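> Below is the sequence, then the predicted model.
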Amino acid sequence: MQDLEGDRKAVRTKGERVADWADGRLGVRRLIRAKTRRVFPDHWSFLLGEICLYSFVILLVTGVYLTFYFHPSMNEVRYDGSYAPLRGQMMSEAYASTLRISFDVRGGLLIRQAHHWSALIFVASLLAHMMRVFFTGAFRKPREVNWLFGFLLLVLAMFAGLTGYDLPDDLLSGTGLAVVNGTILSIPVVGTYVSMFLFGGEFPGHDLVARFNTIHVLIIPALMVGLLIAHLALVLHHGHTQYPGRGRTNSNIVGVSAKVRAVKSAGYFLLVTGAVLVIAAVAQINPVWQYGPYRADQVSAGSQPDWYMGVADGLLRVMPGWEISLWGHTLTLDNLIPLTAGVGFFLALGVYPFIEAWVTRDAREQNLLDRPRNRPVRTALGVSWLSFYAVALIGAGNDIIAVRLHVSVESVTWAVRIGLFVVPVAAYSLTKRWALGLQRGDREKVLHGRETGIVKRLPDGEFVEVHEPLDQEQLHLLTQHEQYRPIDPGTRNLRARLSERLYGENAQITKPTAREFEGREIPAEEVHR
């Protein structure tokens with residue numbers, strides 16, 4: 001027996017011995033073995049989070065490549081590169097190196113455009129992923145902290161895009177920075193100090209690109225990587241949520257094994273990478289050579305920010321030019337109010353899970369997702385939030401819209417101003433009514449069966465539509481959700497009022513009780529007799 005064990009040790013490879021040595025000290029094999037036994041729910045909406053992860057990886061890889069050729073300096077040089085229209089002009093080293101990446105570095109323009117497109121896709125998929133989490137209630141206990149991590153990732157991604165957008169030091173990015181500087185200066189008391197610190201002196205200063213490069217390349221990516229690792233660690237710790245269905249409860253997960261999920265994820269990563277590179281190869285984005293180098297005395301016509309910053313730019317554009325004087329100081333409300341509204345707009349999204357948990361007083365762990373129709377008020381609030389974002393984004397393009405549609409800028413601006421107040425309210429009302437209508441439809445299906453579209457005539461001359469009873473899986477799907485009831489109906493404090501708004505009589509349709517289900521009538525049964 002000892003000879004057999006000795007032979008086995010002799011034939012072991014060097015890699016196996018290193019793996020055993022590491023496992024004995026780090027416990028990696030046991031950790032991996034435990035995690036590979038996990039089951040992952042299989043639903044297309046979970047791919048939104050994977051798009052976020054994979055586009056972020058593309059951002060890091062392309063960003064590292066670009067840092068080898070980009071010079072974050074505002075020192076003026078004379079351009080002598082291969083782009084003839086700008087040859088001989090004075091420009092910053094940052095802009096000259098951007099042109100060099102675009103025209104002289106092999107594959108530089110492809111990588112640069114892939115970096116920009118993956119940034120847009122990352123923010124879009126991150127927002128879509130957060131909306132999926134919001135509408136399905138995946139932020140409930142124990143995942144409130146994970147929601148905050150995702151929210152902070154969205155905010156950091158927006159600022160990463162803003163700082164990266166300004167690095168080339170072209171006329172378009174300089175115009176956007178002038179708007180940013182004006183917004184910063186509108187902050188009472190500390191605005192001027194923040195501007196001086198950020199730009200290294202009076203705008204635009206001489207350290208702008210270097211400081212933004214540090215923020216964009218080092219600080220924000222480090223914070224995002226940390227948040228992403230913490231987010232994924234909490235996902236593994238708490239487990240995945242899943243949609244309701246047969247055999248799915250709060251205490252189990254129905255899905256595919258970790259090995260199958262890993263193979264699918266690897267293929268999906270290749271698909272996302274290929275899609276980004278194809279878009280970067282065929283769709284031009286941010287052609288800085290057409291804008292020219294930034295000059296403080298010039299403004300680019302038709303300047304537009306990236307879509308995720310459109311809400312801030314739109315609010316700035318449609319705000320009236322209000323100013324007030326207090327104690328000898330001018331307060332520029334045309335910048336301060338949009339800034340405050342934008343911050344409040346995003347904070348409302350970040351704190352909502354805690355407000356809902358406070359209102360419901362539900363301290364249980366929730367691993368089953370909600371159908372959006374079963375939470376009409378929450379769904380309506382989410383759609384209202386998105387509609388406000390969309391209207392503000394339209395406001396960011398008021399000049400382009402006016403030119404394309406041959407209308408005055410003032411008309412577009414006033415339409416956006418009115419829309420910011422009217423559209424979210426209308427979207428809230430329509431979405432809530434739609435969800436309530438779907439709930440009524442589900443109730444009718446449970447009590448009377450599914451409509452078949454077949455109309456038959458009874459012996460007494462009455463015409464009825466044939467209904468078919470639902471199977472057990474459909475019945476479970478339509479009745480498994482729990483309906484909250486308003487708390488403390490006799491009191492009128494804030495919590496009771498919010499509870500009444502979320503789960504009161506006009507906020508949801510009561511699902512059928514067991515007695516109602518047992519006494520239901522299905523015309524199909526009467527007809528088939």
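Perfect, I can see it now. Numbering: from 1, shown residues only.
> what stretches of the protein score poorly on pLDDT?
Judged against pLDDT under 70, the low-scoring parts of the chain cover residues 1-12, 23, 25-37, 489-490, 519-529.
> Can you pull up the most central residue in it?
Here the mean C-alpha position of the chain is nearest to the C-alpha of Leu127 (CA atoms, centre = their mean), at a distance of 1.0 Å.
> Find the nearest non-adjacent residue to that residue, please.
Nearest residue to Leu127 in three dimensions, chain neighbours excluded: Leu154, at 6.4 Å (CB to CB, 6 or more residues apart in numbering). Where you see a C-beta, it was placed from the backbone N, CA and C, and this is true even at glycine.
> quick one, phi/psi of the nearest residue to Leu316 once chain neighbours are set aside?
Here the nearest residue to Leu316 in space, its sequence neighbours aside, is Pro338; by CB to CB, 6+ apart that works out to 4.9 Å. Torsion angles at Pro338 (phi, psi; degrees, to the nearest 10) stand at phi -60, psi -40.
> residues touching Pro338, list them.
Taking CB atoms under 8 Å, 6 or more residues apart in numbering as the contact definition, Pro338 lies against Thr183, Ala312, Leu315, Leu316, Met319.
> In ChimeraX, how would I select just the buried ones from these?
One line in ChimeraX is enough to select the buried ones among these; burial here means 16 or more other CB atoms under 10 Å:
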select :183,312,315,316,319
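> Show me the helices in the stretch 251-400 of the chain, by range?
Along the stretch 251-400 of the chain, the stretches classed as helices by DSSP state H, counting those that start in this stretch are 258-282, 288-291, 310-318, 333-360, 376-396, 398-405.
> In terms of helices and strands, where is Val64?
Under the criterion DSSP states H and E, the helix or strand holding Val64 is helix 47-67.
> returning to what we had before: what helix or strand is the residue nearest to the centre of the chain on?
Remark: Leu127 resides in helix 108-136, with elements defined by DSSP H and E.
> Can you mark which positions in the next helix or strand after that helix are buried?
Downstream of helix 108-136, the first helix or strand assigned by DSSP H and E is helix 144-166. Neighbour-count burial for helix 144-166, with 16+ other CB under 10 Å as criterion, is recorded at 146-154, 156-158, 160-166.
> before we move on, what about stretch 470-477?
Buried residues in stretch 470-477, defined by neighbour count with 16+ other CB under 10 Å: Leu470, Leu477.
> To what extent is the closest residue to Gly395 other than its chain neighbours buried, counted in neighbours?
Take Gly395 and drop its neighbours on the chain: the residue closest to it by CB to CB, 6+ apart is Gly314, 3.1 Å away. Burial of Gly314, expressed as a neighbour count using other CB atoms under 10 Å, amounts to 27.
> from memory Gly314 sits against Ala390, does it?
No. Here Gly314 lies out of contact with Ala390, judged by CB atoms under 8 Å, at a distance of 9.6 Å.
> Kindly calculate the angle that the strand or helix carrying Met224 makes with helix 108-136.
With elements delineated by DSSP H and E, Met224 resides in helix 220-238, which encompasses its position. Going by axes from the mean of the first three to the mean of the last three CA atoms, to 10 degrees, helix 220-238 is angled at 40 degrees with respect to helix 108-136.
> for helix 220-238, packing partners?
The elements that helix 220-238 packs onto, with contact taken as 3 or more CB pairs under 8 Å, 6 or more residues apart in numbering; DSSP states H and E, are helix 47-67, helix 144-166.
> and the shortest one, how far out from the chain's middle?
Okay, so that is helix 47-67. Relative to the chain's own centre, helix 47-67 is displaced by 15 Å; criterion: CA atoms, centre = their mean, to the nearest Å.
> now it and helix 220-238, what's the angle there?
With the same axes, to 10 degrees as the basis, helix 47-67 and helix 220-238 are set at 150 degrees to each other.
> Now do the contacts for the residue lying closest to Leu120 once chain neighbours are set aside.
The spatially closest residue to Leu120, leaving aside those adjacent along the chain, is Asp306, at 6.3 Å (CB to CB, 6+ apart). Counting by CB under 8 Å, 6+ apart, Asp306 makes contact with Ala119, Leu120, Val123, Gly161, Tyr165.
> and with 7 Å instead?
Contact criterion CB atoms under 7 Å, 6 or more residues apart in numbering gives Leu120, Gly161, Tyr165 as the residues in contact with Asp306.
> cool, Leu502 as well?
Under the contact definition (CB under 7 Å, 6+ apart), the residues listed for Leu502 are Val359, Val377.
> Then Ser173?
Taking CB under 7 Å, 6+ apart, one finds Tyr165, Asp166, Tyr294 in contact with Ser173.
> cutoff 10 Å now
For Ser173, the set of contacting residues under the criterion of CB atoms under 10 Å, 6 or more residues apart in numbering consists of 94-95, 98, 162, 164-167, 209, 212, 286, 288, 291, 294, 300, 303, 305.
> swap in Gly453?
Glu465, Val466.
> Let me know the secondary structure of it.
Secondary structure assignment for Gly453 (DSSP: H, G, I helix; E, B strand; the rest coil): strand.
> quick one on the thing from earlier: and of the helices and strands packed on helix 220-238, who's closest to Asp399?
helix 144-166 (18.7 Å; CB to CB).
> in the helix or strand encompassing Gly182, what counts as buried?
Take DSSP H and E as the rule and Gly182 turns out to sit in helix 171-185. By neighbour count, and taking 16+ other CB under 10 Å as the criterion, the buried residues in helix 171-185 are 171-184.
> can you dump the C-alpha coordinates of that helix into CSV?
Listed in CSV are the C-alpha atoms of helix 171-185, where the atom choice follows Å, rounded to 0.1, in the frame of the first residue of the first chain:
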residue,chain,number,x,y,z
LEU,A,171,-13.3,72.7,-28.6
LEU,A,172,-16.3,70.5,-27.9
SER,A,173,-15.0,69.3,-24.5
GLY,A,174,-13.8,72.8,-23.7
THR,A,175,-17.3,74.2,-24.3
GLY,A,176,-18.7,71.5,-21.9
LEU,A,177,-16.1,72.4,-19.3
ALA,A,178,-17.2,76.0,-19.4
VAL,A,179,-20.7,74.9,-18.6
VAL,A,180,-19.4,72.7,-15.7
ASN,A,181,-17.3,75.7,-14.4
GLY,A,182,-20.4,77.9,-14.5
THR,A,183,-22.4,75.4,-12.5
ILE,A,184,-19.6,75.0,-9.9
LEU,A,185,-19.3,78.7,-9.5
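> Can you give the distance from that helix to the centre of its chain?
25 Å.
> quick one on the thing from earlier: which other helices and strands does the helix holding Leu127 contact?
Using 3 or more CB pairs under 10 Å, 6 or more residues apart in numbering; DSSP states H and E as the contact test, the elements touching helix 108-136 are helix 47-67, helix 93-103, helix 144-166, helix 258-282, helix 333-360, helix 376-396.
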